[in-house]
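Asker: task: produce atomic coordinates for the following.
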Amino acid sequence: MAKIPTVAIIGRPNTGKSTLFNKIIGRRKAIVTDTPGTTRDQVAGQVKGEKLDYLLIDTGGMGGGTEDIALEDDVHEQSKLALEHADLIVFTVNSREELTASDFEIVDILRKSTKSHVPILMALTKCDDPGTIDAILPEFYQLGITDKIIPLSAPHRIGLEELLETIEEELITLNFERSEEVESTLPRIAIIGKPNVGKSSLVNAFMSETQRAKSPLLVSDIPGTTRDAVDTVIRYHEQDYVFTDTAGIKRRKDTKGDIEVYAYFRSVKELEYCDVAVLILDATQTLSRQDKRVAGMAVEEGKGLIILVNKIDLVDTEERHLRLAEIEHQLQFAKCAPVLPVSAETKEGLLKIFDLIEMTQRNRVRRLPTKELLDWYKRAVYGKPMGMLAKSKMITQAEEVPPTFVVFVKDPRQVQVSQLRYLENSLRKTFGFEGTPVRWITKKTS
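Answerer: Next comes the predicted model:
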């Protein structure tokens, strides 16, 4: 299988890296605002080019100048890690501003750290007026870091095609080629939950020592450290899984400023793309209304759901039992979800999650043989006060994910929610379906 090359977008804060990334990827994956330092972790997306495919990485700003002084060093180091593993670098410089000390610092890093065979392209961002380009180009050529300088305006797609063509041409000269492999079907696992419950710490704990040394996720006690949804491929027993660490989901009224609002929507959006949602709860805190809301979102989206109770090492046995009983009682609507006490710090219980993911993913796409389904249904409704459902002779499983069952009755309006709930309980006792929601549809017999 041909190796897919990696292209890293680097630059100081607020030079248009995330805007450029989003335009190339084709959907709003990285958060874009006018606040320097919005992107903290690396955000990745696969680009299907004209001649070959590559992995595009949007990095946090290098060289300082953000509002997050406490995290600037970590962000800077993560961006340097991206440089070390990139096959091609796109260096963004704001064409509307004078070159800054941070720009020169990055140029110095590129000279010292970049391997000699790795091409560097300079993207002069925010060139909305093509008439000004010739006048500003000499200043950037004098930097001597590359002779491949491309003026562009990502929002208006000026210069974008030239940049994409140049990226592919440079990668081809490095003997990269398009892989003919079938598109990846790796399970996508979204790590969701409130801010500061240990989501990034858990993903870091799943990584191998080598992987963690190369690209750890940012972790701090500051709620909301993760703003973008960050993809990490984790291998366990020869199987790869894509874990997406999302920004903490807050109540809408608790989001402050544009960045948190965007992060909220990004987390919600990731639920649409994932196969299995892993809800992280904090064992040291009582279950909140927001925890229940997040779990409800996963169920409503029809995703597989696993509940991890993190920081279990910080509570005694009595409190552990109280917390698990509380979850069972208050998350009745999500009782399909297995509950696993874990600790990102001590790694207690962590490896069990992979068996739960396999079970959940298998149940999400499971189809029951028609004969077994009909036999179960007859037994389930026989002698029970099931109204219209007791008179039905036909049930089928629809071609949908999650498992969806269609019951044909004379008058669907007379079917009660409690009766469908009884059917679901009986179905789960017989066939399991742990980890996945089950949906019911009543249709009128023709």
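
Asker: please name the bridge partners of residue 340.
Answerer: Note on residue 340: beta-bridge partners by DSSP bridges are residue 308.

Asker: contacts only, for it.
Answerer: Shown in contact with residue 340 (C-beta atoms under 8 Å, 6 or more residues apart in numbering): 306-309, 349, 352-353, 356. For the C-beta atoms, the positions are set from N, CA and C on the backbone; glycine is no exception.

Asker: how about a cut-off of 10 Å?
Answerer: Residues near residue 340 by C-beta atoms under 10 Å, 6 or more residues apart in numbering: 278, 306-310, 312, 349-350, 352-353, 355-356.

Asker: so what's the spatially most distant residue from the centre of the chain up against?
Answerer: Ranked by distance from the centre of the chain (C-alpha atoms, centre = their mean), the top residue is residue 383, with 47.4 Å. Neighbouring residues of residue 383 by C-beta under 10 Å, 6+ apart: residue 390.

Asker: sorry, back to before: just send the contacts of residue 340 back as a markdown table, with distance to residue 107 and pLDDT too.
Answerer: Output for the contacts of residue 340, formatted as a markdown table (distance: C-beta to C-beta, whole Å; pLDDT from 0 to 100):
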| residue | distance to residue 107 | pLDDT |
| --- | --- | --- |
| 278 | 41 | 92 |
| 306 | 46 | 96 |
| 307 | 48 | 96 |
| 308 | 44 | 93 |
| 309 | 48 | 94 |
| 310 | 42 | 90 |
| 312 | 48 | 94 |
| 349 | 47 | 91 |
| 350 | 42 | 88 |
| 352 | 48 | 93 |
| 353 | 43 | 92 |
| 355 | 49 | 94 |
| 356 | 48 | 96 |
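
Asker: what mean pLDDT does stretch 244-257 have?
Answerer: Across stretch 244-257, the average pLDDT comes to 55.

Asker: same deal with stretch 407-427?
Answerer: On average, stretch 407-427 scores 93.

Asker: buried residues in it?
Answerer: Using 16 or more other C-beta atoms under 10 Å as the test for burial, stretch 407-427 gives 407-409, 415, 419-420, 422-424, 426-427.

Asker: can you check stretch 125-135 too?
Answerer: Buried residues in stretch 125-135, counted by 16+ other C-beta under 10 Å: 125-127, 133.

Asker: which of those residues has the weakest pLDDT?
Answerer: residue 133 (80).

Asker: among the buried residues of stretch 125-135, which are in strands?
Answerer: residue 125 (DSSP state E).

Asker: closest to residue 396 out of the buried residues of stretch 125-135?
Answerer: residue 125 (55.1 Å; C-beta to C-beta).

Asker: give me every residue that touches the closest residue to the closest one other than its chain neighbours.
Answerer: Nearest in space to residue 125, with sequence neighbours left out and distances taken as C-beta to C-beta, 6 or more residues apart in numbering, is residue 16 at 3.6 Å. By C-beta under 10 Å, 6+ apart, the residues touching residue 16 are 9, 23, 32, 92-96, 123-126, 152-155.

Asker: again, only using 7 Å
Answerer: The contact partners of residue 16, taken as C-beta atoms under 7 Å, 6 or more residues apart in numbering, are 92, 94, 125-126, 154.

Asker: please enumerate the helices of the chain.
Answerer: 17-25, 72-85, 101-113, 133-141, 160-173, 199-206, 209-214, 257-273, 289-300, 317-330, 352-364, 370-381, 388-391, 417-431 (DSSP state H).

Asker: of these, which shows the lowest average pLDDT?
Answerer: helix 209-214 (a mean of 50).

Asker: about what we covered before: for the contacts of residue 16, which two are the farthest from each other?
Answerer: 94 and 154 (12.1 Å).

Asker: anything in contact with each of those two?
Answerer: Contacts common to residue 94 and residue 154, judged by C-beta under 7 Å, 6+ apart, are 16, 125.

Asker: what is the neighbour count of residue 320?
Answerer: Residues near residue 320, counting by other C-beta atoms under 10 Å, number 16.

Asker: list the contacts for it?
Answerer: 283, 312, 341.

Asker: highest neighbour count among the residues you listed?
Answerer: Busiest of the contacts of residue 320 [other C-beta under 10 Å] is residue 312, holding 24 neighbours.

Asker: in the sheet, who's paired with the closest residue to residue 148 other than its chain neighbours?
Answerer: Residue nearest to residue 148 in three dimensions, not counting chain neighbours: residue 121, with 4.9 Å by C-beta to C-beta, 6+ apart. Per DSSP bridges, the residues bridged to residue 121 are residue 90.
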